[in-house]
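Asks: Predicted structure and sequence below. I'll ask about it afterward.
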Amino acid sequence: MSDKINKINKELKVFINESSFISTKCRNKLLKIFCEVFSVDLDIGNYLNVDLSFTEDFNIMYRDDIYKTDIKSVAELEEKYDLFRERASSLIDKKDISFTKKSDSNNIINLLVLLIMLLFIIFLIYLVVGAFFSGDYFNCIWILLIVIPSFMPNFKSSFIDRINQAKNYLKRKIKK
């Protein structure tokens, strides 16, 4: 009897750890599912650590508090736990983090930012050249010495890093 409860407690710990890895919101949703399935009212807060387990008398221990349940046998506990496991697995599978998709979206955003930076450079060059040829040397010097350095202190290094990141991303995509 205690072997089955220990197995369930270990699986509960795994579910909580996986959902906590995804996000606190996902962990709280998992705890809400647990509350619905086992008909208990747990204090679901944004706690750093959440310990959830079943005791030998089928009660629930949550953060060192005991919550009474109406479960009378191991078979009833297993039946409710199977329902919880199905719902928890579908929640975690749905919320599972895909690092490749996130990386691809970040790289696409990088390409867009790089394009905007290029358009901004072209615009500034247009302003400087236009001011120079119109004879407005004061605005030409003001743009070159005041505007550009104040708005873009790390522009060159950021621009070069973004170009390298975009180049690597495009090489990976072309190889596939």
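Replies: Looks like it arrived, so ask away. Keep in mind that this is a model prediction, so the values were computed, not measured. Numbering: from 1, shown residues only.
Asks: any low-confidence regions in this structure?
Replies: Counting by pLDDT under 70, the ranges of the chain that qualify are 1, 46-48, 95-102, 151, 153, 176.
Asks: in the protein, what residue sits furthest out from the centroid?
Replies: residue 135 (53.1 Å; Cα atoms, centre = their mean).
Asks: Name the SS class of that one, please.
Replies: Reduced to three states with DSSP: H, G, I helix; E, B strand; the rest coil, the structure at residue 135 is coil.
Asks: Next, it: phi, psi?
Replies: phi 90, psi 10 (degrees, to the nearest 10).
Asks: Please identify the helix or strand for residue 119.
Replies: Residue 119 is part of helix 99-133 when elements are defined by DSSP states H and E.
Asks: Convert stretch 116-124 to PDB, retaining C-alpha atoms only.
Replies: Once non-C-alpha atoms are left out, stretch 116-124 reads as follows in PDB (Å, rounded to 0.1, in the frame of the first residue of the first chain):
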ATOM      1  CA  ILE A 116      15.400  49.100 -39.100                       C
ATOM      2  CA  MET A 117      19.000  50.000 -38.000                       C
ATOM      3  CA  LEU A 118      20.100  50.000 -41.600                       C
ATOM      4  CA  LEU A 119      17.200  52.300 -42.600                       C
ATOM      5  CA  PHE A 120      18.100  54.600 -39.700                       C
ATOM      6  CA  ILE A 121      21.700  54.700 -40.900                       C
ATOM      7  CA  ILE A 122      20.600  55.500 -44.400                       C
ATOM      8  CA  PHE A 123      18.300  58.300 -43.100                       C
ATOM      9  CA  LEU A 124      21.100  59.800 -41.000                       C
END
